[in-house]
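Novice: Sharing a sequence plus its predicted fold:
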Amino acid sequence: MGVSRLDVFYRRLLLTKLFIGGWGKPEDLKRIFEFRKIIGDRERCRSLVPKDYPVYINKTEEHADCKIHDGFFISPLEHLVPGILPPEAVKARFQFVVPKRWQKNRPVCVHLAGTGDHFFWRRRTLMARPMVKEAGMASLLLENPYYGYRKPKDQLRSSLKNVSDLFVMGGALILESTVLLRWLEREGYWPLGMTGISMGGYMASLAVTNWPKPIPLIPCLSWSTASSVFTTADSFKMGPEFAKNVDSSENLLVLSGDNRVSLGQNSKPGGEAEAGRGLFIGGGLEGDSAKVDQLFSSVNSNGMSLDTLARGLANNTLLGKKTDFAKCYRPSLHRESISFMKGVMDECTHMANFSVPVDTSLIIVVQAKEDAYIPRTGVLSLQEIWPGCEVRYLNGGHVSAYLFKQNVFRQAIYDTFDRFCLKYPNLH
């Protein structure tokens with residue numbers, strides 16, 4: 001099967017400036033790793049978001065066929081992991097596009113934003129307004145942390161500054177989607193579902209793993225882990241600037257050990273990663289290559305879990321003694337850096353590390369046959385992780401499908417909602 005040249009060009013154009021600030025604050029990474037264990041378990045998450053969590057509407061616009069409500073609420077992540085979100089992202093904003101005339105029931109689909117989808121115009125124009133006309137279906141558009149009104153002042157366009165920002169975004173969206181679904185239930189809307197395109201589809205999938213009821217899910221042009229996008233050779237470019245742009249107080253080098261950290265590219269959940277050491281760089285590093293090699297040897301013989309790694313990173317210690325390595329960047333470490341980057345990405349973002357949705361027969365995955373924007377080689381498919389879900393394939397690549405196949409995405413939404421109504425006519 002061929003790949004889209006347009007996708008290859010688009011990846012190289014957009015993904016070379018990510019994570020210029022490095023991994024983020026060590027103490028934040030430690031808190032993220034700990035919180036991931038909670039948020040990955042649906043039963044443990046039942047009480048994280050109160051059923052009466054406050055949601056506010058502060059503006060309403062009248063249109064010929066619909067009303068558009070602007071609303072907001074405080075992200076639950078701010079309460080559960082205080083200070084992990086940038087100040088600009090604490091207030092979650094959304095638009096609610098509601099038809100003036102319902103055709104059947106009062107269905108609402110929550111749309112999460114894809115890469116670069118700031119504010120609401122794109123989703124409102126390409127998906128929500130057509131869905132009002134075609135199916136009398138409402139859409140709720142949630143703005144991602146780090147995007148639009150929620151973008152930090154020091155962030156350049158859509159390029160997340162730190163690796164930790166991606167993990168924070170996912171955790172926030174899981175909780176915020178729960179807030180909105182519960183609010184819609186309280187307001188009497190039914191049935192409810194979730195969708196998104198590209199990164200939005202992935203984030204919608206994460207959110208549904210936490211929802212305790214059967215729910216329609218339509219991830220379009222999506223994937224099962226973030227590592228396949230952010231750790232390929234043409235997208236993640238580790239260089240001296242990756243280390244030098246982090247505050248010197250966070251200087252730390254941590255290595256993954258015997259690769260039991262997470263999933264390897266060709267491994268299955270719970271198995272060992274592929275061969276090859278991994279490198280975790282937290283900031284400007286002091287030391288020399290001999291110390292780095294000694295650390296490789298020590299950790300490889302002892303093994304190290306993500307918990308140990310995170311504690312060492314947060315305390316600026318490793319192997320029982322203070323570490324203060326700097327100026328040790330070597331081009332030969334690039335491959336190992338990416339290898340460990342993939343391990344950390346899989347630990348925090350791989351769908352197999354989260355609960356399986358309650359009813360996978362209510363999932364329709366839409367993928368592009370020639371997708372080269374999201375590499376799938378060696379990555380578990382959603383069908384393997386969620387047996388029973390349906391996959392529909394489009395001709396063409398990722399970018400062309402996004403530009404010209406929005407109608408196919410909408411049809412998948414309608415089909416999934418119809419399937420839900422037939423299977424659960426009394427589930428309100």
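Specialist: Right, received. Where do you want to start?
Novice: For the rest of this, base every contact and every neighbour count on C-alpha atoms.
Specialist: Will do.
Novice: first to last residue in stretch 55-68, what's the distance?
Specialist: Across its full length, stretch 55-68 reaches 16 Å between end residues, using CA to CA, to the nearest Å.
Novice: if we look at it, which residues are touching it?
Specialist: Outside stretch 55-68, the residues that touch it by CA atoms under 8 Å, 6 or more residues apart in numbering are 69-73, 95-101, 132-133, 180, 183.
Novice: ok, those residues vs Leu48, which is closest?
Specialist: In terms of CA to CA, no member of the contacts of stretch 55-68 lies closer to Leu48 than Leu180, at 13.8 Å.
Novice: residues contacting the closest one?
Specialist: Counting by CA under 8 Å, 6+ apart, Leu180 has contacts Val55.
Novice: Look up how far Glu62 lies from it.
Specialist: 22 Å.
Novice: on that earlier part again, in ChimeraX, how would I select just the buried ones from the contacts of stretch 55-68?
Specialist: Buried members of the contacts of stretch 55-68, defined by 16 or more other CA atoms under 10 Å, are picked up in ChimeraX with:
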select :69,70,71,72,73,95,96,97,98,99,132,180,183
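Novice: Now intersect the contacts of stretch 55-68 with the strands, please.
Specialist: With DSSP state E as the criterion, strands contain 69-73, 95-99 from among these.
Novice: what are the phi and psi values for Asn426?
Specialist: phi -110, psi 10 (degrees, to the nearest 10).
Novice: how deep is it tucked in, by neighbour count?
Specialist: 7 (other CA atoms under 10 Å).
Novice: Return the set of buried residues in the helix of greatest length in the chain.
Specialist: Looking across the chain with DSSP state H, the single longest helix is helix 163-186. Of all the residues in helix 163-186, those buried under the rule 16+ other CA under 10 Å are 163-184.
Novice: for that helix, what is the average pLDDT?
Specialist: In this model, helix 163-186 has a mean pLDDT of 93.
Novice: Restricting to C-alpha, output it in CSV.
Specialist: Extracted in CSV, the C-alpha atoms of helix 163-186 (Å, rounded to 0.1, in the frame of the first residue of the first chain):
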residue,chain,number,x,y,z
VAL,A,163,6.8,17.0,26.1
SER,A,164,4.9,17.1,29.4
ASP,A,165,2.4,19.5,27.7
LEU,A,166,1.0,16.7,25.6
PHE,A,167,0.4,14.5,28.6
VAL,A,168,-1.3,17.3,30.4
MET,A,169,-3.5,18.0,27.4
GLY,A,170,-4.7,14.4,27.3
GLY,A,171,-5.4,14.2,31.1
ALA,A,172,-7.3,17.6,31.0
LEU,A,173,-9.5,16.5,28.0
ILE,A,174,-10.5,13.2,29.6
LEU,A,175,-11.8,15.0,32.7
GLU,A,176,-13.3,18.0,30.8
SER,A,177,-15.2,15.6,28.4
THR,A,178,-16.6,13.9,31.5
VAL,A,179,-17.8,17.3,32.8
LEU,A,180,-19.5,18.1,29.5
LEU,A,181,-21.2,14.7,29.1
ARG,A,182,-22.6,14.8,32.6
TRP,A,183,-23.8,18.4,32.0
LEU,A,184,-25.5,17.3,28.8
GLU,A,185,-27.2,14.4,30.6
ARG,A,186,-28.5,16.8,33.3
